[in-house]
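> Only the shape, not the letters, is given here:
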């Protein structure tokens, strides 16, 4: 795991009586239904340990657990007993499934999920690695991504994107406080990703309307589709998938087609709460 130098303390996000984790499934193509790998794993370990079965969507990533002692001492004694009894059963995400099932059975109200910026599993989000820089506060170089760890950069003071990249002018405008709301026409996921990495307080907003125009350009171009559809839900998914955990900072804006020109086709927003005001929004 690599912790970037600007990482804020996750201890400020939870209390000692809470058990904080990050999601183990970090892409929309990773199944979290009752027929998924996670459901099978939790079922097997629930039978072995006589516990309740953690919902598969709550399967954690074992790279990061945050909790207070001695509040959870009894939990760890039970985990220790399980490891001694089934030490030769390393199958089906053993530590994650054991801990998850026990929490679901005994400390359900204590479960808290940190934002995935605190532990991005890179093998599920390979597209986020830009120029070798860690894409989020904490990056887990698991499995095949381990080969990239030696060249990974954790410092943020000398990122090349501020001097010779397409995001340069946009980043400089935000730093100068030129505006709280900026518009990206025909957005590229790489540019959006870099802006979100450079500015942790940034929110990404997409305009959603009922208007749909004829597509005259290459229909395979995600940028063209996003532009002509004003980021309709089905078409914005490609960019959100590319952003991985950073897509958590996406907010849809619902408005009448006549309002689109005043809002912008695709906006990056510093003070999102003030900008959105009373508009209905949905958490991503």
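Structure's in. What do you need? Since the structure is predicted, the reported quantities are computational estimates derived from the model, not experimental observations.
> low-scoring stretches of the stretch 101-250 of the chain, by residue?
Along the stretch 101-250 of the chain, segments meeting pLDDT under 70 span 130, 162, 164, 178-188, 206-239.
> in it, which spans are helices?
Counting by DSSP state H, counting those that start in this stretch, one finds helices in the stretch 101-250 of the chain at the ranges 168-175, 189-198, 222-229, 233-243.
> The first one to helix 189-198, inter-axis angle?
Taking axes from the mean of the first three to the mean of the last three C-alpha atoms, to 10 degrees, one finds that helix 168-175 is oriented at 30 degrees with respect to helix 189-198.
> Remind me what helix 168-175 packs against, helices and strands.
Contacts defined by 3 or more C-beta pairs under 8 Å, 6 or more residues apart in numbering; DSSP states H and E place helix 168-175 against strand 181-183, helix 189-198. Bear in mind the C-beta positions are built from the backbone N, C-alpha and C, glycine included.
> What's the local residue count around residue 37?
Applying other C-beta atoms under 10 Å, we find 15 residues neighbouring residue 37.
> List just the one of the helices and strands packed on helix 168-175 that sits closest to residue 45.
helix 189-198 (36.0 Å; C-beta to C-beta).
> residue ranges for the strands of this protein, please.
2-3, 19-21, 111-113, 120-121, 138-140, 181-183, 203-208, 250-254, 266-269 (DSSP state E).
> Give the full set of residues in contact with the residue nearest to residue 125 when sequence neighbours are not counted.
Counting by C-beta to C-beta, 6 or more residues apart in numbering, residue 244 is the residue found nearest to residue 125 once chain neighbours are left out, at 3.6 Å. Going by C-beta atoms under 8 Å, 6 or more residues apart in numbering, residue 244 touches 26-27, 116, 120, 124-125, 127-128, 135.
> quick revisit: pipe the helices and strands packed on helix 168-175 into CSV and attach mean neighbour count per row.
Output for the helices and strands packed on helix 168-175, formatted as CSV (neighbours: other C-beta atoms under 10 Å):
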stretch, mean neighbour count
strand 181-183, 16
helix 189-198, 22
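> Would you format the ones you listed as JSON lines with distance to residue 31 included?
Listed next are the helices and strands packed on helix 168-175 as JSON lines, based on distance: least, C-beta to C-beta, whole Å:
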{"stretch": "strand 181-183", "distance to residue 31": "36"}
{"stretch": "helix 189-198", "distance to residue 31": "23"}
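> now for those, which one comes closest to residue 64?
From the helices and strands packed on helix 168-175, taking C-beta to C-beta, the stretch that ends up closest is helix 189-198, at 19.2 Å.
> just how off-centre is the closest one within its chain?
In terms of C-alpha atoms, centre = their mean, to the nearest Å, the centre of helix 189-198 is found 13 Å from the chain centre.
> helices or strands next to it in the packing?
Applying 3+ C-beta pairs under 8 Å, 6+ apart, one finds that helix 189-198 contacts helix 168-175, helix 233-243.
> In contact with residue 2, which residues?
Applying C-beta under 8 Å, 6+ apart to residue 2 gives the contacts 134, 138-139, 141, 149, 152, 154.
> Could you give the bridge partners of it?
Taking DSSP bridges as the rule, residue 2 bridges to residue 139.
> Give me the distance between it and residue 27.
Distance of residue 2 to residue 27, given as C-beta to C-beta, to the nearest Å: 20 Å.
> Please apply the same query to residue 169.
On the measure of C-beta to C-beta, residue 169 and residue 27 end up 31 Å apart.
> Is residue 21 bridged to anything, and to what?
Under the criterion used (DSSP bridges), residue 21 bridges to residue 113.
> Surely it touches residue 110?
No - with contact defined as C-beta atoms under 8 Å, residue 21 does not reach residue 110; the gap is 10.6 Å.
> Show me which of these two is the more surrounded one.
Shown here are residue 21 and residue 110; by other C-beta under 10 Å, residue 21 has more neighbours (25 against 18).
> Show the contacting residues for that one.
Going by C-beta under 8 Å, 6+ apart, the list of residues near residue 21 reads 60-61, 64-66, 111-114.
> cutoff 10 Å now
58-67, 96, 99-100, 103, 111-114, 118-119 (C-beta atoms under 10 Å, 6 or more residues apart in numbering).
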